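Peer 1: generate coordinates for the sequence data below:
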Amino acid sequence: MREEKKRFVLYEYLMYFWKRKHYFLIVPIITMLLVGGGVYFLKKDMPYTGQAIVYTGGVTSPDLTREINIAARFPDEENLEIFVSSKQVKFTKIGNTENEVKDNLNRVTKKYEADLVENYKGRIETSEVYLDSLVKRVDVLKTAIEKYKKDLEKDLDPDKYELLIDLFIETEKELSEADATANRMRSDLDFFVREKPNVLSVDVTQSKSYFKEGAAIGLILGLLLTVLLLALMKYLSEGRRYYND
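Peer 2: Got it, this is the predicted structure:
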């Protein structure tokens with residue numbers, strides 16, 4: 001008997017829903033338009049989105065390659081997002097007009113590129129100065145080794161000969177290290193020179209409205225609200241009939 005009653009109750013609810021099937025059309029459409037329109041108008045405040053990508057090259061300074069430090073360079077820029085990936089920094093800016101967004105991005109990227117180039121040139125100059133000192137040191141060591149070789153050919157007493165041998169070995173070791181360092185620096189410098197920072201792209205597009213996504217969510221919410229609304233109406237109708245009887 002209980003199962004028959006349950007089937008009857010379910011059937012009664014289904015018939016109640018069927019007689020009021022227009023609710024499944026009206027309510028979802030209203031919620032779809034409300035949610036979709038709400039999302040659209042919220043996003044409409046900033047209809048344009050711009051993205052600029054800057055190549056950092058060989059610059060590895062934390063002041064120029066960490067998001068929080070980069071953001072600190074532009075304290076007056078609003079609605080600016082910064083994302084750092086491998087040797088690239090992406091700036092995202094939203095605004096009311098295409099020209100506004102593009103001008104802001106150009107200003108930000110030019111300043112950031114200038115800071116990168118300044119660091120880049122500074123590292124090159126420092127490296128070239130150090131490389132030049134290494135080259136001079138290599139020449140001095142080579143000259144000293146040639147002198148030691150000539151002195152070793154002379155008739156020297158054992159103590160002086162042993163001291164000269166030690167100097168010769170130590171100087172050759174120092175020459176080998178200095179020469180290896182100089183060669184490594186030449187290679188690194190050649191690579192670093194090719195890794196010059198520059199702005200790769202600046203693009204501005206209309207922001208995505210997300211109306212379709214909002215409308216889809218509103219439609220689903222509308223269907224759920226319709227079921228809940230009709231169930232509540234049926235429940236109240238049954239309760240009213242029960243107490244009236």
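Peer 1: quick one, strands of this protein?
Peer 2: For the chain, the strands defined by DSSP state E occupy 48-55, 80-85, 88-95, 198-206.
Peer 1: can you redo these as JSON lines, where the extra columns are distance to Gly214?
Peer 2: All C-beta spots, glycine's among them, are computed from the backbone N, C-alpha and C. Shown next, in JSON lines, are the strands of the chain (distance: least, Cβ to Cβ, whole Å):
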{"stretch": "strand 48-55", "distance to Gly214": "18"}
{"stretch": "strand 80-85", "distance to Gly214": "22"}
{"stretch": "strand 88-95", "distance to Gly214": "18"}
{"stretch": "strand 198-206", "distance to Gly214": "17"}
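Peer 1: need the longest helix for this protein.
Peer 2: helix 98-152 (DSSP state H).
Peer 1: on contacts alone, who are the packing partners of that helix?
Peer 2: Contacts defined by 3 or more Cβ pairs under 8 Å, 6 or more residues apart in numbering; DSSP states H and E place helix 98-152 against strand 48-55, helix 62-65, strand 88-95, helix 158-194, strand 198-206.
Peer 1: wouldn't Ala231 be in contact with Glu12 here?
Peer 2: No - using Cβ atoms under 8 Å, Ala231 is not in contact with Glu12; the gap is 11.6 Å.
Peer 1: what residues are shared contacts of those two?
Peer 2: When Cβ atoms under 8 Å, 6 or more residues apart in numbering defines a contact, no residue borders Ala231 and Glu12 alike.
Peer 1: okay, now Gly58: neighbour count?
Peer 2: 19 (other Cβ atoms under 10 Å).
Peer 1: now do it against Gly122, distance only.
Peer 2: 12 Å (Cβ to Cβ, to the nearest Å).
Peer 1: cool, and Leu10?
Peer 2: For Leu10 relative to Gly122 (Cβ to Cβ), the value is 79 Å.
Peer 1: that older thread, a markdown table please, covering the helices and strands packed on helix 98-152 and showing distance to Arg73.
Peer 2: As requested, the helices and strands packed on helix 98-152 are exported to a markdown table (distance: least, Cβ to Cβ, whole Å):
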| stretch | distance to Arg73 |
| --- | --- |
| strand 48-55 | 12 |
| helix 62-65 | 9 |
| strand 88-95 | 11 |
| helix 158-194 | 23 |
| strand 198-206 | 15 |
